[in-house]
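Undergrad: Below are the sequence and a predicted model; questions follow.
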Amino acid sequence: MGTAREALLHTVHQAPQDVGQAGTRWKLETLLAANGWLNLHTLPGMSQLLHRLRIHWKRGRHHVHSPDADYVAKLHTIRVNLLTSGIDWEQTVFLFQDELTFYRRPSLSFAYAAAGKEQPLAELGWKSNSSWRIAATLNAWTGQVTYAQGKCFDIPHLVAFYQKVTKTYPAAQIIKMAQDNWPVHFHPDVRVVLQPQEWPWEFHLPANWPTEASPSAPRLNLPIQILSLPTYASWTNPIEKLWRLLYQDVLHLHRFGDDWPALKLAVTDFLDQFATGSEELLRYVGLSDPAKLYRSLFPEEAGMPGLRY
């Protein structure tokens with residue numbers, strides 16, 4: 001049975017066209033045709049075998065595979081930086097950073113309602129939809145959230161946010177900031193605001209962007225070192241779970257209707273609760289023990305000596 005299950009799983013993990021079958025998904029008919037070695041002749045027989053082998057008809061989910069050839073190496077470098085920052089996490093601050101756009105209209109989700117045809121309603125209001133941007137950092141050791149909000153986040157807004165982050169940690173000699181590959185993060189007018197970068201991989205920019213900072217860009221030498229997460233790998237950034245919590249607590253099925261200022265205030269109140277740190281938030285985002293982050297990729301590294309965890 002084990003051999004049959006392994007062989008069938010190998011089949012369903014391929015596209016039907018790769019083995020001469022029609023369609024983009026496997027069906028009982030094509031599985032039966034592609035696996036003559038089973039000596040089955042009916043669709044019910046194929047269905048019963050799949051059930052016994054615990055291979056079921058399941059709903060798919062969206063998935064993106066990071067194309068970054070340096071995926072593992074980058075996560076290892078970020079992990080080492082995270083763990084070494086734990087030796088003195090006041091002077092060497094480690095942050096995860098990200099941006100989020102949310103909208104006036106509520107997002108759909110589950111809620112309680114009477115059995116039957118009645119459903120929870122996401123009231124859209126009468127006005128056209130509106131959007132709002134948030135940039136935030138999450139301290140990997142304390143759970144402290146620093147954020148800024150605005151209609152957009154262009155280069156001046158991002159620079160102002162980095163200044164705010166630096167002022168949040170006045171004792172820090174260096175702030176290590178892990179973030180995704182949004183090109184604005186690496187714009188020359190942003191990077192020139194920071195101290196010289198030591199990241200061993202190249203920061204990629206659109207081909208039509210300048211490669212040198214403009215003369216008017218401020219040279220502030222902010223003590224921020226950028227750690228670039230692998231491309232198309234949002235699951236490697238724990239702050240994404242902060243956004244998930246924001247949706248669960250505020251944005252899903254909210255009842256503010258057209259009261260856009262009240263919704264933005266509710267978002268502000270949500271973020272403010274983490275202004276001084278939160279052990280509960282660290283548990284929620286998977287950082288109650290930072291030594292466990294990415295550890296499945298590096299099982300030989302159970303931790304590093306002398307760290308606070």
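TA: Alright, I've got the coordinates. Keep in mind the model is a prediction, meaning the values are calculated, not measured. Numbers count the residues shown, from 1 in each chain.
Undergrad: so where's the stretch 151-300 of the chain uncertain?
TA: Scanning the stretch 151-300 of the chain for pLDDT under 70 picks out no residues.
Undergrad: so where do the helices sit in it?
TA: Secondary structure of the stretch 151-300 of the chain, counting by DSSP state H, counting those that start in this stretch: helices at 155-168, 188-191, 240-246, 260-272, 279-285.
Undergrad: Tell me which of the ones you listed approaches residue 83 most closely.
TA: Residue 83 lies closest to helix 279-285 among the helices of the stretch 151-300 of the chain, at 15.1 Å (C-beta to C-beta). Just so you know, the C-beta spots here come from the backbone N, C-alpha and C atoms, and that holds for glycine as well.
Undergrad: what does that closest one rub up against?
TA: By C-beta atoms under 8 Å, 6 or more residues apart in numbering, the surrounding residues in contact with helix 279-285 are 138, 142, 143, 145, 238, 239, 241, 242, 245, 274, 288.
Undergrad: Which one of these sits in the busiest neighbourhood?
TA: residue 138 (29 neighbours; other C-beta atoms under 10 Å).
Undergrad: pretty sure that one is in contact with residue 240, am I right?
TA: No. Applying C-beta atoms under 8 Å as the test, residue 138 and residue 240 come out as separate, 9.8 Å apart.
Undergrad: ok, the closest residue to residue 154 other than its chain neighbours to residue 133 distance?
TA: Nearest residue to residue 154, sequence neighbours excluded (C-beta to C-beta, 6 or more residues apart in numbering): residue 184, at 7.4 Å. Going from residue 184 to residue 133 by C-beta to C-beta, to the nearest Å gives 12 Å.
Undergrad: quick revisit: now go through the contacts of helix 279-285 and say which are in strands.
TA: 138, 145 (DSSP state E).
Undergrad: TSV for the contacts of helix 279-285, including distance to residue 49?
TA: Below are those laid out as TSV (distance: C-beta to C-beta, whole Å):
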residue	distance to residue 49
138	48
142	54
143	50
145	52
238	42
239	45
241	40
242	45
245	43
274	52
288	44
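Undergrad: Which one of the contacts of helix 279-285 is nearest to residue 262?
TA: Ranked by distance to residue 262 (C-beta to C-beta), those are led by residue 245 at 19.6 Å.
Undergrad: In contact with the closest one: list those residues for me.
TA: Taking C-beta under 8 Å, 6+ apart, we find residue 245 in contact with 281, 284.
Undergrad: Do I have it right that residue 287 meets residue 139?
TA: No. Between residue 287 and residue 139 there is no contact under C-beta under 8 Å: 9.1 Å.
Undergrad: domain assignment for the protein?
TA: For the chain, automatic domain parsing gives the domain ranges 2-52, 71-297.
Undergrad: Quick check: the residue nearest the centre of the chain vs residue 241, distance?
TA: In the chain, the residue lying closest to the centroid (C-alpha atoms, centre = their mean) is residue 234, at 3.0 Å. Counting by C-beta to C-beta, the gap from residue 234 to residue 241 is 10 Å.
Undergrad: Also residue 42?
TA: In terms of C-beta to C-beta, residue 42 sits 47 Å off from residue 241.
Undergrad: all strands of the chain, in order?
TA: Using DSSP E, strands in the chain cover 92-103, 131-139, 145-150, 174-179, 224-228.
Undergrad: Mean confidence (pLDDT) on the third one, please.
TA: The average pLDDT for strand 145-150 rounds to 98.
Undergrad: now do the longest one
TA: In this model, strand 92-103 carries a mean pLDDT of 98.
Undergrad: Same question for it: list its buried residues.
TA: Residues of strand 92-103 classed as buried under the neighbour-count rule (16 or more other C-beta atoms under 10 Å) are 92, 93, 94, 95, 96, 97, 98, 99, 100, 102.
Undergrad: Dump these into a markdown table; add distance to residue 75 as well.
TA: Formatted as a markdown table, those follow (distance: C-beta to C-beta, whole Å):
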| residue | distance to residue 75 |
| --- | --- |
| 92 | 19 |
| 93 | 20 |
| 94 | 14 |
| 95 | 16 |
| 96 | 13 |
| 97 | 16 |
| 98 | 16 |
| 99 | 21 |
| 100 | 22 |
| 102 | 28 |
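Undergrad: From the residues you listed, pick the one nearest residue 119.
TA: Taking the buried residues of strand 92-103 together and measuring to residue 119 by C-beta to C-beta, the closest member is residue 102, at 22.7 Å.
Undergrad: Report the beta-bridge partner residues of that closest one.
TA: According to DSSP bridges, the residues that bridge with residue 102 are residue 132.
Undergrad: what's it in contact with, if anything?
TA: Residue 102 makes contacts with 131, 132, 134, 246, 251, 267, as judged by C-beta under 8 Å, 6+ apart.
Undergrad: for residue 255, same thing?
TA: Per C-beta under 8 Å, 6+ apart, neighbours of residue 255: 106, 123.
Undergrad: Tabulate the strands of the chain (a markdown table), appending distance to residue 201.
TA: As requested, the strands of the chain are exported to a markdown table (distance: least, C-beta to C-beta, whole Å):
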| stretch | distance to residue 201 |
| --- | --- |
| strand 92-103 | 17 |
| strand 131-139 | 21 |
| strand 145-150 | 26 |
| strand 174-179 | 13 |
| strand 224-228 | 6 |
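Undergrad: Please consider this matter closed, and thank you.
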